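Trainee: after the sequence you'll find the predicted model.
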Amino acid sequence: MSNPQQYTFILEPVYGLSGNLFAWELLTRFVDDADIKHVRNPAREAVFFSHLPVEQKWQLFLRQIDQLERLYQKGFRQIISVNINRDIVSSIFSDEKTQQRLALLPFFRFEISAFFIARFTRADLLILKGLAKIAPLWLDDFGPGYSNLTMMSSGIFECVKIDKAFFWQYGENHIFELLLGHLNDLCSGVIVEGVENQRHIEILAHKAIYGMQGYHWDGIYLDDFINKSWGVTSTSDPCGKHLCQKKNLRSFM
């Protein structure tokens, strides 16, 4: 892969309403934009990665998995989600060895943008079912214009992340409450993105959500995590890899 030093990996935390940190999202940043306090240019990154050749995207994904294997081998015990697109999905399905590696990471989650399945055809459902046999699925960017409850009715998603723009616009509206009710009936938990200040936390304090994510909390460089010593008791989330057991979900909020 050309110039492998131009990007770095950052873990962005996901917190429960009680303040417990229970999951992370693995993000890729340009080195010169990779301030963990989120001073960066996301538009620049989006353009860069969307134009990467398929093979380079795949090699980047494999490097992410290499790093996560190192982290989990040291005793880390929290969920980490990794974003994938159609190119990565196709490569996973054609690489049995990678499928086996992923299946051995019980805290690993696929994170798929709602844009991925905006039309949600039968073919999309078959793709998602295939992925879910490898690792649980989280749906990202759920919001108006590119999401619908039809895609949720399959029960294929373990968690759903609500788009930050939707939260900012409707977070104090009854529409938001209605959406949370529907989503909680169709998955094991809802995570709200775009939490950037204490006011946002207060808005969500009594909502039926599982977690919060956003710039209110600093990210962590993945390399720093790998270089840290982790014991088998490092998990702060008792449900961990069993998040899909919905009967236990409320007790960890």
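Mentor: All right, it came through fine.

Trainee: how about residue 218, secondary structure?
Mentor: coil (DSSP: H, G, I helix; E, B strand; the rest coil).

Trainee: actually residue 25, sorry about that
Mentor: Under three-state DSSP, residue 25 comes out as strand.

Trainee: who are the contact partners of it?
Mentor: Residue 25 makes contact with 11-12, 14, 80-83, 111, 213 under the criterion Cβ atoms under 8 Å, 6 or more residues apart in numbering. Bear in mind the C-beta positions are built from the backbone N, C-alpha and C, glycine included.

Trainee: what about residue 218, how many neighbours?
Mentor: By the measure other Cβ atoms under 10 Å, the count of residues near residue 218 is 12.

Trainee: ignore the last one, residue 100
Mentor: 10.

Trainee: do the one 3 residues further on as well
Mentor: Residues within reach of residue 103, counting by other Cβ under 10 Å, total 12.

Trainee: pretty sure it contacts residue 135?
Mentor: Yes. The criterion here is Cβ atoms under 8 Å, and residue 103 meets it with residue 135 at 7.1 Å.

Trainee: quick one, strands of the chain?
Mentor: For the chain, applying DSSP state E gives strands covering 7-15, 21-30, 79-84, 108-113, 137-142, 157-162, 189-193, 211-213, 220-221.

Trainee: okay, stretch 164-176 in PDB with CA atoms only?
Mentor: In PDB, the C-alpha atoms belonging to stretch 164-176 read as follows (Å, rounded to 0.1, in the frame of the first residue of the first chain):
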ATOM      1  CA  LYS A 164     -26.300  13.300  14.500                       C
ATOM      2  CA  ALA A 165     -28.200  15.700  12.200                       C
ATOM      3  CA  PHE A 166     -31.500  13.900  13.100                       C
ATOM      4  CA  PHE A 167     -30.600  14.100  16.800                       C
ATOM      5  CA  TRP A 168     -29.800  17.800  16.600                       C
ATOM      6  CA  GLN A 169     -33.000  18.600  14.700                       C
ATOM      7  CA  TYR A 170     -35.500  16.300  16.500                       C
ATOM      8  CA  GLY A 171     -33.800  15.300  19.800                       C
ATOM      9  CA  GLU A 172     -36.400  17.300  21.900                       C
ATOM     10  CA  ASN A 173     -39.300  16.500  19.700                       C
ATOM     11  CA  HIS A 174     -41.900  13.700  20.100                       C
ATOM     12  CA  ILE A 175     -40.800  12.400  16.700                       C
ATOM     13  CA  PHE A 176     -37.500  11.400  18.300                       C
END
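
Trainee: please consider this matter closed, and thank you.
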